[in-house]
Structure formats: C-alpha cells, structure tokens
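Asker: Got a predicted structure here, sequence first:
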Amino acid sequence: MVVATAIVATACTSTTVREDTTASATDPAVVDSVDLVMAIARTAKLHTAEYHVHKIVTHSDVKFRRTTLLGHTLDTRLSLGDRKIAIPIDVTLKAYIDFSGFNESQVERSPDGQKIHITLPDPKVVVTSSRIDYQSTKQYTDILRSDFTDEEMTDFTAQGVRAILKTVPKLGILSTARQSAARTLIPLIASLGYSESDIVITFRKEFTESDLPQLIDNERSVVKF
C-alpha cells in the first residue's frame, strides 16, 4: 500500500508571450470578435502555473503464510520478514493554457457591448520532474529479507506521483493558471476600450477528478498518469 503522509506545495507563475504582437494588441482597429481572438491567440500562446510538491510515500511489505483448513483459506502474518520504507519525493507540476485553438465562440459580449466574457481553453497539467530524496529515505528490513531495490523505489515514487495528480482539481494549480492568464489578458482587452471591472475570464467548468484523463498531458510528463 502506498500512503501519502505529507504534502507541501508551493506555486509560482510564468507567462510565455510572443514579442512581435505589441503593435497589434494596442491597435485601435482591433475591435471586433475576430480581431480580438487573433490578438489573444498571438499574444498569449501559453500561460503557466508551476507547483512544487513535497510528499512522503510509505510502503509496507508484510509476509503471510496461506493455509487451507476445512475448505477455508487462511492468511497468517509471519512474525519475521517485514519490510517498510518511507520515501520523500519532490515533484514539479506545470499547468498551461494553450491558446492556439482559441476561437470566436469563446468570446461573449453583453448586448450593449460594455462587458466581455472570455472562456479559456481547458488547462493541461504536466509532470516536469520527479526526484527521490535518497538521503532522507528510511527503511526497515528484517534480517531475512533483502533491501528495497532501486527499481522498487522508482515504482513506489511513480505511484506517489499519480496520487498527487489525483489531487490536481483540489491542489489550486488550475486556479493559479487561470489567474496567470487573466493577468495578461485583462490589460490586453482593456487596451481595446473595456473597463477592467467589465472583463470576466473563466474556465468552461469546475474540473473534478473525473476530468483528469483530459487534463493530464501524458506525452510531456516524466511520469504517466
């Protein structure tokens, strides 16, 4: 069994922008939905939120003796042969929003044209690094058993990373990615004549664990979900 006994997450944000779009972003002619979509897609290619998560993964390997008595199977724990390990791991997650497919359907204006609502593309989360703190790893191995192998420790670490990924909807990284996107998009849209208080930027929904297969970028992750 793999159990998380401690999780600590810290966040930082960054934004990747293209340098050749300043003129178009501030051009007064960029006023209709199509031009606004093009300005957003060019100016804000990716918005990212980075989280550093510290987690302790524990595993107990207990030996049992299986016997059959009167047609019933019994598992008896042996007094010897236990192995236990606690592995501190440091995992870096990055959430990003790719605007390459952004389109006019994701821009809504109020009837009077004063308010605007931008629905962001769904975010993606990638595991960019996973590291075992070998110096702080603690294990107990009975004299009759061998130590945990590097392969076993790597497997336990992968299980720990996947456990972290299951907490993504509650971890805050998606909200941080949205806020990072808003910090870039709101000034851009305001430069087109909108009041910042009339600009709303959201995701299309609140994401849950059931959305994880679509949210996790397995192709770029060092650990697959």
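Answerer: That came through, no problem.
Asker: Just give me how far stretch 82-91 sits from the chain centre.
Answerer: Distance of stretch 82-91 from its chain centroid, counting by Cα atoms, centre = their mean, to the nearest Å, is 22 Å.
Asker: for stretch 203-223, same thing?
Answerer: 7 Å.
Asker: Check the separation of the first and last residues in that stretch.
Answerer: Using Cα to Cα, to the nearest Å, one end of stretch 203-223 lies 26 Å from the other.
Asker: who touches it?
Answerer: 119-120, 122-130, 157-158, 161-162, 165-166, 168-169, 174, 178, 224-225 (Cβ atoms under 8 Å, 6 or more residues apart in numbering). Every C-beta, even on glycine, is put in place using the N, C-alpha and C of the backbone.
Asker: in the strand or helix carrying residue 128, what counts as buried?
Answerer: Per DSSP states H and E, residue 128 falls inside strand 124-132. In terms of neighbour count (16 or more other Cβ atoms under 10 Å), strand 124-132 has its buried residues at 124-127, 130, 132.
Asker: any idea which helix or strand comes after the lengthiest helix in the chain?
Answerer: Across the chain, the longest stretch assigned as helix under DSSP state H is helix 173-190. Going down the chain from helix 173-190, the next helix or strand is strand 199-202, by DSSP H and E.
Asker: which strands and helices sit next to that following strand?
Answerer: Where contact means 3 or more Cβ pairs under 8 Å, 6 or more residues apart in numbering; DSSP states H and E, strand 199-202 is packed against strand 116-119, helix 173-190.
Asker: Would you mind giving those as a markdown table with mean neighbour count and distance to residue 39 added?
Answerer: Formatted as a markdown table, these follow (neighbours: other Cβ atoms under 10 Å; distance: least, Cβ to Cβ, whole Å):
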| stretch | mean neighbour count | distance to residue 39 |
| --- | --- | --- |
| strand 116-119 | 18 | 12 |
| helix 173-190 | 19 | 7 |
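Asker: and those as a markdown table, adding distance to residue 198?
Answerer: What follows is the helices and strands packed on strand 199-202, written out as a markdown table (distance: least, Cβ to Cβ, whole Å):
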| stretch | distance to residue 198 |
| --- | --- |
| strand 116-119 | 7 |
| helix 173-190 | 9 |
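Asker: do you know which of the ones you listed lies nearest residue 50?
Answerer: Among the helices and strands packed on strand 199-202, the nearest to residue 50 by Cβ to Cβ is helix 173-190 (8.2 Å).
Asker: Rounded mean pLDDT for the closest one, please.
Answerer: The average of the pLDDT scores along helix 173-190 is 90.
Asker: Equivalent analysis for stretch 115-128, please.
Answerer: On average, stretch 115-128 scores 93.
Asker: And that stretch, end to end?
Answerer: For stretch 115-128, the first-to-last residue distance is 38 Å (Cα to Cα).
Asker: how many neighbours does the closest residue to residue 101 other than its chain neighbours have?
Answerer: Here the nearest residue to residue 101 in space, its sequence neighbours aside, is residue 121; by Cβ to Cβ, 6 or more residues apart in numbering that works out to 6.3 Å. By other Cβ atoms under 10 Å, the residues close to residue 121 number 17.
Asker: Alright, calling it a day.
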